[in-house]
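S.K.: Predicted model, plus sequence, below.
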Amino acid sequence: MKVLLIEDHKMMARSLKEFLEKDEFFEIDLLKNLEKINDIKFLQIYDILLVDINLKGFEESLNGLDLAEKVLKLDNTIKIVILSGYDLLFYAERAKRLGAYAFISKEEDMQSLINKLKEIYINGKKFFNNKKNLESLTDKEVEIVQLYCSGLNRSQVAKELFISERSLAVMLNRIYQKLCINNYQELMKKAMDLGIVDSF
C-alpha cells in the first residue's frame with residue numbers, strides 16, 4: 001500500500017513512517033510542502049493520503065480538513081484518512097461529510113492504526129468511531145453556535161443571519177435539545193468539547 005503522509009511535525013512524521021514500514025505491506029512517502037496538493041496526478045499515485053488535522057508547521061494556513069476538502073474537489077475518488085489528536089465528534093462528522101474514508105485518533109495504538117489502514121485499503125470507506133453520538137447539528141445550527149460563542153448576543157446573531165429573534169429562539173431551543181444542555185455556559189463548554197469552536 002502506497003501512502004502519502006501529510007504531517008507537519010517532522011519527528012512524528014518520521015516515527016510514523018518508520019513504524020508503518022516495519023510492515024512490508026506499507027510504503028510511506030512524506031509530503032515536504034503543501035504545493036504538491038494542487039498536483040492531482042501526483043496525489044493519484046497513492047492508495048491513501050494520511051492527513052494530520054493540525055498542519056500549522058507548514059507555511060500555508062490550512063488544516064487537514066480544509067486540505068481534504070480542497071483535494072476532494074479536484075478528485076473525489078482519492079482515499080483520504082484524517083489522523084488527529086483531537087478525538088472530537090464535530091471534526092469526525094465534517095471529515096465524513098467531506099468524503100474522507102476515516103477519522104482516526106492519535107490516541108489509538110500503532111497496531112490499531114495499521115489494522116484500520118489495511119481495512120480501509122481492502123474494504124473501502126469506514127468510520128470506526130463507535131461512541132454513541134449526539135444528534136448531529138445542521139450547518140446552520142453550527143453557524144449559530146459559532147456566532148454565539150464569538151460573543152454576539154441574540155439580537156446580533158439574528159441580525160447576522162437575517163432572521164427574526166423569534167425564529168432564532170426556536171432554532172436555539174432545538175440546538176439545546178440536540179446537545180442535551182440548558183444554558184449558554186453549557187453551550188460554550190459543549191461547543192469546545194465537540195470541536196465546534198476552539199478552546200480558549
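M.R.: Perfect, thanks for sending it. Numbers count the residues shown, from 1 in each chain.
S.K.: Quick check: the one residue sitting closest to the centre of the chain vs residue 23, distance?
M.R.: Nearest to the geometric centre of the chain sits residue 91, at 3.7 Å (CA atoms, centre = their mean). For residue 91, the distance to residue 23 (CB to CB, to the nearest Å) stands at 27 Å. Using the backbone N, CA and C atoms, a C-beta is placed for each residue, glycine as well.
S.K.: what's the answer for residue 151, then?
M.R.: When distances are taken as CB to CB, residue 151 and residue 23 turn out to be 49 Å apart.
S.K.: Which one of these two is surrounded by more residues?
M.R.: residue 23 (13 against 7; other CB atoms under 10 Å).
S.K.: if you skip the residues just before and after it, what's nearest to the residue nearest to the centre of the chain?
M.R.: The spatially closest residue to residue 91, leaving aside those adjacent along the chain, is residue 195, at 4.8 Å (CB to CB, 6 or more residues apart in numbering).
S.K.: ok, back up a step: you'd agree the residue nearest to the centre of the chain is up against residue 104?
M.R.: No: here residue 91 lies out of contact with residue 104, judged by CB atoms under 8 Å, at a distance of 11.3 Å.
S.K.: who touches both of the two?
M.R.: In the contact map built from CB atoms under 8 Å, 6 or more residues apart in numbering, the residues linked to both residue 91 and residue 104 are 82, 84.
S.K.: helix or strand for the most far-flung residue of the chain relative to its centre, which one?
M.R.: The outermost residue of the chain relative to its centre, with distances by CA atoms, centre = their mean, is residue 166 at 32.8 Å. Secondary-structure element containing residue 166, defined by DSSP states H and E: helix 165-179.
S.K.: what's the spacing between that helix and its chain's center?
M.R.: In this view, helix 165-179 has its centroid 25 Å away from the chain centroid, taken as CA atoms, centre = their mean, to the nearest Å.
S.K.: Now do it, average pLDDT.
M.R.: Per-residue confidence for helix 165-179 averages out to 89 on the pLDDT scale.
S.K.: that older thread, the residue nearest to the centre of the chain and residue 39: what is the separation?
M.R.: Applying CB to CB, one obtains 26 Å for the distance of residue 91 from residue 39.
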